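Peer 1: the following comprises the amino acid sequence and a computationally predicted model.
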Amino acid sequence: AEAASGPESIYTAFSLHEVALLRLQVGVGAGALPLAARAAAIRERRIGLSHPLTISSAIAQARALAAIGRTREAVAAFEEIDRRAVEALGETSAVVGAVRTEFAKVALEAGDAERAYRLAKAALPGLEARVRFGPAHASQGDRGGLSAVALRAIAAGGGRDPATAFAVMQLMAQSEAAFASIRTAARRSTDDRELIDLADQQRLLADRVAAAERESAAAYLAGDPVRIRATGEAMRAARAESLAVDAALSARFPTYAALAGRYRVGLDAFIAGPAPLLAPDEALIQMVQEQDALYLLVATRRGARFTRVDLPAAQAAALVRRIRVSLDIAEAATAQDLPAFDLDAAHALHRAVIAPMAEALAGARVLLVAADGPLASLPLGLLVERPGRGRDAFARYRATRWLADRYGFVTLTTPAALAAARQT
């Protein structure tokens, strides 16, 4: 890139930045540092100190400092990047959310769980903006990315803040199906023509924001600083117009806006106030499955508990697969041909997922479950509290204590969908 377009070109900065990230991924921090520093310097000169791409290279530089043990310098660099990003873009910017979450990751790696927790909590508004306006909008949530780092940081803080954990988990689990169910329930709140027009305008503006982001990316790749600034301004204008329509909806149709615009619902709405969303005998379970662990939150009217469970995604998938295979009756012509249900796998999943939450679930009769990952494909009522014994398979099944014997179950796409349905 440097030979083709020159040492100060946008292409050169892009190549330096990407190679720096690759070196960070393979643990070569010393090799990443000079590349990231040079990319940041070129971008600062070409597109400005506060441009998100300049900030992203500065983040890579700070990460490289941390990777080679220069932690104090990395912390100082992150503090300066955060100050610069907030000054240029505001506390609720997606870029600020990214800066603080990357900073939290460095804090976790340095063993500073308290700082990591504070940073994750401060990053939440920016993470929400990332889901609202970023590439994950209305499609796959912030899966496996910055929100996952934030969730790890909150868990490392001792799980003492279930409200923030709940907010982050909802951002990670968003999907188009979840958004559709929320919008459908919200539309039932009114059939006003003005509302329908504003709601349609809101969706069109979301598409416009996405198109502006693509234009901005294309301008960057074209290496045209003037076009980069122009498309950046167009993107900011589209976002501002989208937020203005949101404000108009909130003012004219507060019920619809409160429901359809939700990317997350506060925990207090379910458990506190004069009319909590949960009935006295209900418990809400939110799950988020990451590669190395399962994150669980249980909420009842008595309170909420958040915890990290050592159940890697591969192990969860293997246990779910064993249970699902034992439910496959396609080839069974008679009762004798039915495959044996895998009681051991169902019991292992119960021990991993439900048993740690037994105290929080006390008094509940109905579980409202927003599952994630492999567990989303399995009815939780099939989990086994206590495997039965008997001379044959059916005797063992009769003697088994199933989770369905204790609870009724409701499957949710997202907690926000439940809020939308119950508040219309």
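Peer 2: Received, thanks.
Peer 1: any weak-confidence spans in the chain?
Peer 2: The chain contains residues with pLDDT under 70 at 1, 131-144, 174-191, 217, 220-223, 254-263, 423-424.
Peer 1: check which residues of the longest helix along it are buried.
Peer 2: Assignment by DSSP state H gives helix 193-222 as the longest helix of the chain. For helix 193-222, a neighbour-count test (16 or more other Cβ atoms under 10 Å) marks 195, 198-199, 202, 205-206, 208-210, 212-213, 215-216, 219-220 as buried. All C-beta atoms are positioned from the backbone trio N, CA, C, and that covers glycine.
Peer 1: stretch 7-27 too?
Peer 2: Buried, per 16+ other Cβ under 10 Å, within stretch 7-27: 9-17, 19-21, 23-24.
Peer 1: quickly find the element holding residue 307.
Peer 2: Residue 307 belongs to strand 303-309 when assigned by DSSP states H and E.
Peer 1: whoops, I mixed them up, residue 298
Peer 2: strand 294-300.
Peer 1: partner strands of that strand, with direction?
Peer 2: If you go by DSSP bridges, strand 294-300 pairs up with strand 282-289 (antiparallel), strand 303-309 (antiparallel).
Peer 1: okay, those in JSON lines with mean neighbour count and distance to residue 95 next?
Peer 2: As requested, the strands paired with strand 294-300 are exported to JSON lines (neighbours: other Cβ atoms under 10 Å; distance: least, Cβ to Cβ, whole Å):
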{"stretch": "strand 282-289", "mean neighbour count": "24", "distance to residue 95": "24"}
{"stretch": "strand 303-309", "mean neighbour count": "19", "distance to residue 95": "27"}
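Peer 1: any chance of these in TSV, plus distance to residue 31?
Peer 2: Output for these, formatted as TSV (distance: least, Cβ to Cβ, whole Å):
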stretch	distance to residue 31
strand 282-289	33
strand 303-309	33
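Peer 1: out of those, nearest to residue 265?
Peer 2: Nearest to residue 265 among the strands paired with strand 294-300 is strand 282-289 (10.2 Å), distances taken as Cβ to Cβ.
Peer 1: what does the closest one rub up against?
Peer 2: 151, 166, 169-170, 172-173, 270, 278, 294-300, 311, 313, 316, 353, 357, 360-361, 364-375, 415, 418 (Cβ atoms under 8 Å, 6 or more residues apart in numbering).
Peer 1: buried ones among those residues?
Peer 2: Buried among the contacts of strand 282-289 by 16+ other Cβ under 10 Å: 151, 166, 169-170, 172-173, 270, 278, 294-300, 311, 313, 316, 353, 357, 360-361, 364, 367-375, 415, 418.
Peer 1: in the stretch 51-200 of the chain, which spans are helices?
Peer 2: All helices of the stretch 51-200 of the chain, identified by DSSP state H, counting those that start in this stretch, fall at 52-67, 71-89, 94-109, 113-133, 146-156, 162-172, 176-187, 193-222.
Peer 1: for the second one, packing partners?
Peer 2: What it means is helix 71-89. helix 52-67, helix 94-109 (3 or more Cβ pairs under 8 Å, 6 or more residues apart in numbering; DSSP states H and E).
Peer 1: swap in the third one?
Peer 2: Helices and strands in packing contact with helix 94-109 are listed as helix 52-67, helix 71-89, helix 113-133, helix 146-156; criterion 3+ Cβ pairs under 8 Å, 6+ apart.
Peer 1: just those: most buried one?
Peer 2: Neighbour counts (mean count of other Cβ atoms under 10 Å) averaged over each of those peak at helix 146-156, with a mean of 26.
Peer 1: identify the residue spatially nearest to residue 52, adjacent ones excluded.
Peer 2: residue 95 (4.7 Å; Cβ to Cβ, 6 or more residues apart in numbering).
Peer 1: count the neighbours of the one you found for me.
Peer 2: Taking other Cβ atoms under 10 Å as the criterion, the count of residues near residue 95 is 24.
Peer 1: residue boundaries of the helices in the stretch 301-424 of the chain?
Peer 2: 313-325, 343-349, 393-399, 403-406, 415-422.
Peer 1: and residue 347, what is it in contact with?
Peer 2: 383-387.
Peer 1: quick one: buried ones out of these?
Peer 2: Buried among those (16+ other Cβ under 10 Å): 383-385.
Peer 1: quick revisit: ok, the residue nearest to residue 52 to residue 108 distance?
Peer 2: For residue 95, the distance to residue 108 equals 20 Å [Cβ to Cβ, to the nearest Å].
Peer 1: what does residue 25 give?
Peer 2: 17 Å.
Peer 1: how about residue 404?
Peer 2: According to Cβ to Cβ, residue 404 stands 39 Å off from residue 108.
Peer 1: ok, now residue 7?
Peer 2: Distance from residue 7 to residue 108, by Cβ to Cβ: 36 Å.
Peer 1: and for residue 63?
Peer 2: For residue 63, the distance to residue 108 - Cβ to Cβ - is 12 Å.
Peer 1: same question, residue 61
Peer 2: Residue 61 sits 19 Å away from residue 108, taking Cβ to Cβ as the criterion.
Peer 1: what's the answer for residue 295, then?
Peer 2: Distance from residue 295 to residue 108, by Cβ to Cβ: 15 Å.
Peer 1: one more: residue 316?
Peer 2: Separation of residue 316 from residue 108 (Cβ to Cβ): 23 Å.
Peer 1: residue 8 too?
Peer 2: Counting by Cβ to Cβ, the separation of residue 8 from residue 108 is 36 Å.
Peer 1: can you check residue 318 too?
Peer 2: For residue 318, the distance to residue 108 - Cβ to Cβ - is 28 Å.
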